[in-house]
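Trainee: please find the sequence and the predicted model below.
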Amino acid sequence: MLKPSNHNGDGDFEVGTAVGAPSLLPEGDHYIVGFRRAEQGTFCGAVRIFLWFQIVEPIEHAEKELYLCCPVPSSLKFGIGSKFVDAWRIAAGQWPMRRDRLSTKIFRGKYFRASIRSVTRSQHGDERPVEQHYSKVERLIERVTG
């Protein structure tokens, strides 16, 4: 909820805090990432699962965090080609047996080879200024440990 500011009664509101600027890394399929946490949010009015990973290798990018954004269908029935099912399958080492019981718990304690891509356009398709480019996990390629 928005909180009225205590600044001279001018009607301003404190609306939250800004997150740090996301990292921009060279694109590639050679990154080793460890699972950190899962969050649920919205993007362009649709529910998304954000799977957060921390870079382990290459060492020059170690500890930087990036996310894999997975759309959530309104029916909550994920198709076989969904990003979440694909990531879940790699984490589990098999296709899900009961697709109604998918959990982010399957990612805990695991490390993956991941494909990292740059985000250069806004959600409206406009080119972002170079200083606003950032990286994200495009997909998990394979589980390497855990």
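Mentor: Arrived safely, thanks for sending.

Trainee: quick one: residue 88 and residue 64, what's the gap?
Mentor: 24 Å (C-beta to C-beta, to the nearest Å). For glycine as for every other residue, the C-beta is placed from the backbone atoms N, C-alpha and C.

Trainee: between those two, tell me which one has more neighbours.
Mentor: Here residue 88 and residue 64 are compared on neighbour count by other C-beta atoms under 10 Å; more neighbours surround residue 88, at 23 against 17.

Trainee: quick check, the more buried one in a strand?
Mentor: No: assigned with DSSP: H, G, I helix; E, B strand; the rest coil, residue 88 falls outside any strand and is helix.

Trainee: list the contacts of it.
Mentor: By C-beta atoms under 8 Å, 6 or more residues apart in numbering, the contact set of residue 88 is 96, 102, 106.

Trainee: low-scoring stretches of this protein, by residue?
Mentor: Under the criterion pLDDT under 70, the flagged ranges of the chain are 1-10, 98-100.

Trainee: longest strand of it?
Mentor: strand 28-43 (DSSP state E).

Trainee: what's that one packed up against?
Mentor: Applying 3 or more C-beta pairs under 8 Å, 6 or more residues apart in numbering; DSSP states H and E, one finds that strand 28-43 contacts strand 46-57, strand 65-71, strand 111-119, strand 134-145.

Trainee: give the buried residues for that strand.
Mentor: For strand 28-43, the neighbour count (16 or more other C-beta atoms under 10 Å) marks 31, 32, 33, 34, 35, 38 as buried.

Trainee: pick out whichever of those sits closest to residue 80.
Mentor: residue 38 (20.7 Å; C-beta to C-beta).

Trainee: ok, the closest one touching residue 67?
Mentor: No: using C-beta atoms under 8 Å, residue 38 is not in contact with residue 67; the gap is 9.6 Å.

Trainee: between these two, which contacts overlap?
Mentor: Joint contacts of residue 38 and residue 67 (C-beta under 8 Å, 6+ apart) are 50, 51, 52.
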